[in-house]
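[1] Any chance you can model this:
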Amino acid sequence: MKKSFSLTSPVHRPDRVAESVKREINKYLARERRKALPEGVDYWDFDCNCGATAETAAVIHVSAFSQTIDKVAAANSAQVYVEILAKPGVRNKKATV
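    Residues are numbered from 1 along each chain as shown. Model (predicted):
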C-alpha cells in the first residue's frame with residue numbers, strides 16, 4: 001500500500017482525522033496478516049515508510065506508525081504519506097547448547 005492520507009477535514013477535528021488514518025492502517029495490516037503464508041514461511045513481515053511526503057518518508061518499524069503519524073500531525077502537515085510492503089519472514093531458531 002502506497003497512499004497519502006489527508007490530515008485536514010472541514011467536518012472533523014485534526015486529532016480525530018489522525019486516529020482514522022491509524023485505524024485504516026491497522027485494518028490493512030490485519031488483512032495482510034490473514035493471508036495464507038507461502039511454504040516455508042513463518043509470518044508476514046513489513047517494510048514501512050512514513051512521513052509528511054513521499055520524498056521525506058523515513059523507514060520505520062510497524063509498531064512506530066502511531067508515533068510517526070502523531071509527529072506529522074503535530075507539525076501541522078496537510079497530509080501523511082504511508083508505504084507498507086508485505087514480505088515473507090522466517091524466524092531464526094535459537095541455537096541449542
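[2] hey, where'd the helices end up in this protein?
    14-33, 65-74 (DSSP state H).
[3] you'd agree E32 is up against L85?
    No. Counting by CB atoms under 8 Å, E32 stays clear of L85, with 9.7 Å between them. Bear in mind the C-beta positions are built from the backbone N, C-alpha and C, glycine included.
[4] Return every residue with contacts to both of the two.
    F46 (CB atoms under 8 Å, 6 or more residues apart in numbering).
[5] ok, back up a step: winner for burial among the helices of the chain?
    Most buried of these, by mean neighbour count (mean count of other CB atoms under 10 Å): helix 65-74, with a mean of 17.
[6] Which elements pack onto it?
    Using 3 or more CB pairs under 8 Å, 6 or more residues apart in numbering; DSSP states H and E, the elements in contact with helix 65-74 are helix 14-33, strand 43-51, strand 79-89.
[7] would JSON lines of the ones you listed with distance to K3 and mean pLDDT be doable?
    JSON lines is the format used below for the helices and strands packed on helix 65-74 (distance: least, CB to CB, whole Å; pLDDT from 0 to 100):
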{"stretch": "helix 14-33", "distance to K3": "9", "mean pLDDT": "96"}
{"stretch": "strand 43-51", "distance to K3": "11", "mean pLDDT": "97"}
{"stretch": "strand 79-89", "distance to K3": "6", "mean pLDDT": "97"}
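[8] how about TSV for those, with distance to V72 added?
    Putting those into TSV (distance: least, CB to CB, whole Å) gives the following:
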stretch	distance to V72
helix 14-33	8
strand 43-51	7
strand 79-89	5
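[9] Out of the ones you listed, the one nearest D70 is which?
    helix 14-33 (6.7 Å; CB to CB).
[10] I'd like the distance from that closest one to the chain centre, please.
    8 Å (CA atoms, centre = their mean, to the nearest Å).
[11] the inter-axis angle of that helix versus strand 79-89?
    Relative orientation of helix 14-33 versus strand 79-89 (axes from the mean of the first three to the mean of the last three CA atoms, to 10 degrees): 20 degrees.
[12] Tell me the spacing between V72 and Q79.
    Computed as CB to CB, to the nearest Å, the V72 to Q79 distance reads 8 Å.
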